[in-house]
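Engineer: just a sequence and a predicted model for now, questions to come.
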Amino acid sequence: MQRINLILIFIAVFSCKQNDVEPNRLASNLNKDFEIVINQDIYLKNTLSVDDFVFKVSEITDSRCPSDVDCVQFGWVDVIGEVKDSETNQAVTLTFCLGYCKKAATGMLEQDTIPFKLNEKNYRAILKAVIPFPTTSNTDLPKSA
C-alpha cells in the first residue's frame, strides 16, 4: 500500500457552504498537508469556497535508488491521482513526479507543483513526498504520499 503526502492549494471565490462528511471517510481542509494511501479517497473541504473535492491516488511507480545503495542516478517516483468536484463530479487527472523526471530537464524535482483548472477556477496541487524512501530491505513495504 502506497501513501502520498500532498498539499492542494486552491484559489477560489470566497463563500461558505455546510457539508457533512461520512464518519469513516478520511477528510482534510484544503491548503493543508495530508497523507494518503493508494486507492484511498480523501474528502477535501474548501473553507473559502463552495467547491469541495475528493482526491484519490490510483498509481505510484517508485524507481528511486535505494538509500542503502550507491547508484549512478537518483531515479524518480511517479504518482497519478484524480481530483474530483464532490457535487458536479467534474474530474482532472494529475500526474506528479519527484526526482530526476523527464519534465525536469535541468535537475532534480524535490516537490512537484501542478496547476489545473476545475469548475472554471484555477488551482495548484503539490506533491511533497512519497514514503518510505526505498531501501534494499523495504521493497515490499506499502508506500504513501
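Structural biologist: Arrived safely, thanks for sending. Residues are numbered from 1 along each chain as shown.

Engineer: what about the residue lying farthest from the centre of the chain, distance to residue 77?
Structural biologist: For the chain, the residue at maximal distance from the C-alpha centroid (CA atoms, centre = their mean) is residue 70, at 28.3 Å. Residue 70 sits 19 Å away from residue 77, going by CB to CB, to the nearest Å. Backbone N, C-alpha and C define where each C-beta goes, glycine included.

Engineer: follow-up on the earlier one: what helix or strand does the residue farthest from the centre of the chain sit in?
Structural biologist: Using DSSP states H and E, residue 70 falls within no helix or strand.

Engineer: residue contacts, it?
Structural biologist: Not one residue lies near residue 70 by CB atoms under 8 Å, 6 or more residues apart in numbering.

Engineer: now do stretch 79-94, average pLDDT.
Structural biologist: Averaged across stretch 79-94, the pLDDT comes to 91.

Engineer: any buried residues in that stretch, and which?
Structural biologist: 79, 80, 81, 83, 84, 85, 92, 94 (16 or more other CB atoms under 10 Å).

Engineer: which ones among those map onto strands?
Structural biologist: Among those, the members falling in strands (DSSP state E) are 79, 80, 81, 83, 84, 85, 92, 94.

Engineer: got a list of what the fourth one touches?
Structural biologist: Put plainly, it is residue 83. By CB under 8 Å, 6+ apart, the contact set of residue 83 is 8, 44, 53, 54, 55, 91, 92, 94, 116, 118, 123, 125.
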